[in-house]
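Undergrad: any chance you can model this:
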Amino acid sequence: MSSAVVVFTRDLRLHDHPALRAATAATAAVPLFVFDDAILSGRFNRPNRTQYLLQSLTDLDGSLRARGGRLVVRRGGWVAEVLGAAREAGAATVHVSDDVTPFARRRLAALEAAGAGVGVGVVRHP
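TA: Sure, this is the predicted structure:
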């Protein structure tokens, strides 16, 4: 059976998650969150924000476990970690929510370019 990777970014929910719904419509999905070193080492890393994120990820993992899954969590370069998870899962597709910030746009474009180089398609969802 083929699989897909669903990358959680800002939208840490299961209900009405377009990327998750699309990925699981036709295949098994690997839910993934990557602690991006570029964010953790930058100005966006604040103790309260990080604590809230950890609590949200724990809640998301609990919801996935209640449904028979689990959240895969990694840390490192975002593009490399996403593509590494796709390779390990044998996934030909990565589903991710689109974003409008300049940082996120660059990161998504880098994922698309790197994915194309290794045969992994990236599907952006609203």
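Undergrad: output the contacting helices and strands for the longest strand seen in the chain.
TA: Among the elements of the chain assigned as strand by DSSP state E, the one spanning the most residues is strand 28-36. Packed against strand 28-36 by the contact rule (3 or more CB pairs under 8 Å, 6 or more residues apart in numbering; DSSP states H and E) you find strand 3-7, helix 18-26, helix 47-66, strand 72-76, helix 78-89. Where C-beta positions appear, they are placed from N, C-alpha and C, glycine not excepted.
Undergrad: any chance you could list what contacts the lowest-mean-pLDDT helix or strand in the chain?
TA: Least confident element among the helices and strands of the chain, by mean pLDDT, DSSP states H and E: helix 37-40 (a mean of 82). Counting by CB atoms under 8 Å, 6 or more residues apart in numbering, the neighbours of helix 37-40 from elsewhere in the structure are 45, 75, 76, 77, 78, 103.
Undergrad: make it 6 Å
TA: Helix 37-40 is contacted from outside by residue 76, using CB atoms under 6 Å, 6 or more residues apart in numbering.
Undergrad: the closest residue in space to residue 35 that isn't next to it in sequence: how many residues sit nearby?
TA: Ranked by CB to CB, 6 or more residues apart in numbering and with sequence neighbours excluded, the top spatial neighbour of residue 35 is residue 75, at 4.0 Å. As a burial measure, the neighbour count of residue 75 was computed by other CB atoms under 10 Å and equals 12.
Undergrad: same thing with residue 15?
TA: Residue neighbour count, defined by other CB under 10 Å, stands at 7 for residue 15.
Undergrad: what's the answer for residue 107, then?
TA: Residue 107 has 21 neighbouring residues, counting by other CB under 10 Å.
Undergrad: quick one: buried residues of the least confident helix or strand of the chain?
TA: Neighbour counts using 16 or more other CB atoms under 10 Å place residue 39 of helix 37-40 among the buried residues.
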